[in-house]
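A.B. asks: Predicted model and sequence below, questions to follow.
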Amino acid sequence: AQRVTQPEKLLSVFKGAPVELKCNYSYSGSPELFWYVQYSRQRLQLLLRHISRESIKGFTADLNKGETSFHLKKPFAQEEDSAMYYCALLADTGGFKTIFGAGTRLFVKA
Amino acid sequence: ETGVTQSPTHLIKTRGQQVTLRCSSQSGHNTVSWYQQALGQGPQFIFQYYREEENGRGNFPPRFSGLQFPNYSSELNVNALELDDSALYLCASSRGGRNEQYFGPGTRLTVT
């Protein structure tokens, strides 16, 4: 089965603290994974994808095929990081299909 | 560069009716994907259109259908509406099926 699991609905951290948003996936093929973010009153937008291996706004994510995980990390959270974060998997089986997790709301407290 | 637009913003329909939602893709994009997002959940993939052909479909019944036009804009049609169809419907466009998707603001559908 193709599935993305984000175990935390809500994550609350203090400004300056490290943050890790968890994402696990289930997929039999070669996974292509993304993190999307939705800030308040804004559209859903791409934050980063694993093949780019970039750091965006201080966030990084490493694909761990052994643990089937793609956790999103930032060493020092900022208040402006407060948003809804979705992990997504691109399944390429007879056409493309993007599977989203249920999302984690990150709240960074001052 | 014009972003992805969707219309209408909101609509209310009665169970059993039919609805058409519209999406204009971003300039230069040839692929449109549609998602259903129920309250408190992540977007659920409905289908994707690439150059006017369906290029992937999620677990939605046939009463969910779509079209893509030569200018790459798209429509989502839902027949025989059910109460559970109440959701935010998102459209996203991209250059090809595996590239970054740019999302529209969504259409909020309420079925009563």
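C.D. replies: Alright, I've got the coordinates.

A.B. asks: Now for residue 60: which residues touch it?
C.D. replies: You didn't say which chain, so I picked chain A. A:T60 makes contact with A:48, A:72-74 under the criterion C-beta atoms under 8 Å, 6 or more residues apart in numbering or on different chains. Backbone N, C-alpha and C define where each C-beta goes, glycine included.

A.B. asks: sorry, should have said chain B
C.D. replies: With C-beta under 8 Å, 6+ apart, B:F60 has these contacts: B:36, B:44, B:46-47.

A.B. asks: from those, which are also near chain A?
C.D. replies: B:Q44 (C-beta under 8 Å from any C-beta of the partner chain).

A.B. asks: Take the contacts of B:F60 and write them to a markdown table, including pLDDT and secondary structure.
C.D. replies: Shown next, in a markdown table, are the contacts of B:F60 (pLDDT from 0 to 100; DSSP: H, G, I helix; E, B strand; the rest coil):
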| residue | pLDDT | secondary structure |
| --- | --- | --- |
| B:Q36 | 98 | strand |
| B:Q44 | 97 | strand |
| B:I46 | 97 | strand |
| B:F47 | 95 | strand |
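
A.B. asks: Make TSV out of the contacts of B:F60 and add neighbour count.
C.D. replies: Putting those into TSV (neighbours: other C-beta atoms under 10 Å in any protein chain shown) gives the following:
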residue	neighbour count
B:Q36	22
B:Q44	18
B:I46	23
B:F47	21
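
A.B. asks: Buried among the contacts of A:T60? Make that a PyMOL selection.
C.D. replies: Buried residues among these (16 or more other C-beta atoms under 10 Å in any protein chain shown), as a PyMOL selection:
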select buried, chain A and resi 48+72+74
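
A.B. asks: Just the closest of the contacts of A:T60 to B:G28, please.
C.D. replies: Relative to B:G28, the closest of those is A:L48; by C-beta to C-beta it sits at 21.9 Å.

A.B. asks: Just the closest residue of chain B to chain A, please.
C.D. replies: In chain B, the residue that lies nearest chain A is B:G56 (3.0 Å; C-beta to the nearest C-beta).

A.B. asks: Next, count neighbours for that residue.
C.D. replies: With neighbours defined by other C-beta atoms under 10 Å in any protein chain shown, the count for B:G56 comes to 22.

A.B. asks: That one against B:Q48, yeah?
C.D. replies: Yes: with contact defined as C-beta atoms under 8 Å, B:G56 counts as touching B:Q48 (4.3 Å).

A.B. asks: any shared contact partners between the two?
C.D. replies: A:95-97, B:33, B:97.

A.B. asks: which strand is the longest one in chain A?
C.D. replies: strand A:83-92 (DSSP state E).

A.B. asks: Report all helices and strands that the helix or strand just after that strand contacts.
C.D. replies: Under the assignment DSSP states H and E, the closest C-terminal helix or strand after strand A:83-92 is strand A:96-100. Counting contacts by 3 or more C-beta pairs under 8 Å, 6 or more residues apart in numbering or on different chains; DSSP states H and E, strand A:96-100 is packed against strand A:3-5, strand A:83-92, strand B:44-50, strand B:53-57.

A.B. asks: of the ones you listed, which approaches B:L67 most closely?
C.D. replies: B:L67 lies closest to strand B:44-50 among these, at 7.6 Å (C-beta to C-beta).
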